[in-house]
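Visitor: Give me coordinates for this.
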Amino acid sequence: MASYKKLQDQLSSLYPELKRDIFSHPDKYRNAGSYQLQSILQPYYQDKIRKDLPKGLLEGVVNNVGDFVKSKNYAVIDDLVYSTDKSYEIFSQIFDVKMSLYNETWLETEANQITRSSNMAIQMTNFQRYPKKMLQYMTMEDSIVRPSHAAINNVTLPANDPFWSQYNPSLSYNCRCRIKMLFEDVEQSDASEVETAIDNGIGYADNGTSFTFQTGKVFSKEHTYFERSPQNVTLI
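Guide: Residues are numbered from 1 along each chain as shown. Next up, the predicted model:
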């Protein structure tokens, strides 16, 4: 398993050469990503996926995360290409800031999203074995819960209800919500109440990061990386 320290060591070794190459040959990198950057980032992100996912779901998650990393790669290179009109000294500073932002600050948050979504996929797969049992959406009910997530707190529906194929944690980065199975007899939420809860919140895809069970998409097409990049990212 790729460790965070090993990842950062590999990136640090790559950066000086990549920095000079982008600055010297910006046209080469227009509308493209870095093959070397991809080869370092991809294993780290893929290691966050649980390999005991059901085969079809695992394939969907692997493909989605792979496309995500390519789009992320494209986004950071694209940011840098448009800074090559400055002096090398200023470009170098921009490079360091961008790489720290993309591959340290955001990287860990994104990796945690993959881990959280993989764990939820296993849980939801197990829940599907008991289709008539009630599931309940639960927030941490504290002061830092997002209002959009609080809106669907305590929604209670059978495990086979279509609601759960779309509205399950992690609904956004650093989401702490969870779903629990209820073994006591409880009434399910009224349909109109559920609709109102969804309308009052978002229940889906904060920043393009909502995990959609059964489709294997940890990151939705609305994520800014996907919106910025071409459908097929060329790696240089």
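Visitor: For residue 197, which non-adjacent residue is spatially closest?
Guide: In this structure, residue 197 finds its nearest non-sequential neighbour in residue 152, 4.7 Å apart by C-beta to C-beta, 6 or more residues apart in numbering. The way it works is simple: take the backbone N, C-alpha and C, and place the C-beta from them, glycine included.
Visitor: Where does that neighbour fall, secondary structure wise?
Guide: With the criterion set as DSSP states H and E, no secondary-structure element contains residue 152; it sits in neither a helix nor a strand.
Visitor: and it, what pLDDT?
Guide: Reading off the confidence values, residue 152 has pLDDT 90.
Visitor: Which stretches in this structure count as helices?
Guide: With helices called from DSSP state H, the chain shows them at 4-24, 26-29, 35-46, 55-81, 88-100, 106-127, 147-150, 163-166, 191-200, 224-228.
Visitor: quick one: buried residues of the third one?
Guide: If I follow you right, that is helix 35-46. Along helix 35-46, the positions that meet the burial threshold by neighbour count (16 or more other C-beta atoms under 10 Å) are 36, 37, 38, 40, 41, 42, 44, 45, 46.
Visitor: pretty sure the first one contacts residue 15?
Guide: No: the pair residue 36 / residue 15 is not scored as a contact, 10.2 Å apart, by C-beta atoms under 8 Å.
Visitor: Any chance of TSV for the helices of the chain, columns distance to residue 236?
Guide: TSV is the format used below for these (distance: least, C-beta to C-beta, whole Å):
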stretch	distance to residue 236
helix 4-24	9
helix 26-29	6
helix 35-46	6
helix 55-81	8
helix 88-100	16
helix 106-127	21
helix 147-150	39
helix 163-166	37
helix 191-200	43
helix 224-228	17
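Visitor: Of all those, which one comes closest to residue 235?
Guide: helix 35-46 (4.0 Å; C-beta to C-beta).
Visitor: hmm, who's touching the helix or strand of the chain with the lowest mean pLDDT?
Guide: Taking all helices and strands of the chain together, the one with the lowest average confidence (mean pLDDT, DSSP states H and E) is helix 191-200, at a mean of 81. Residues from elsewhere that reach helix 191-200, judged by C-beta atoms under 8 Å, 6 or more residues apart in numbering: 151, 152, 155, 157, 163, 167, 189, 203.
Visitor: Check stretch 94-107 too.
Guide: Everything outside stretch 94-107 that qualifies as a contact, by C-beta under 8 Å, 6+ apart, is 8, 11, 15, 19, 22, 41, 44, 72, 75-76, 79-80, 83, 86.
Visitor: Which members of the residues you listed are the farthest-apart pair?
Guide: Greatest spatial distance among those (C-beta to C-beta): 44 and 86, at 30.2 Å.
Visitor: list the contacts for residue 136?
Guide: Contacts for residue 136 were tallied using C-beta under 8 Å, 6+ apart; they are 154, 155, 156, 179, 180, 182.
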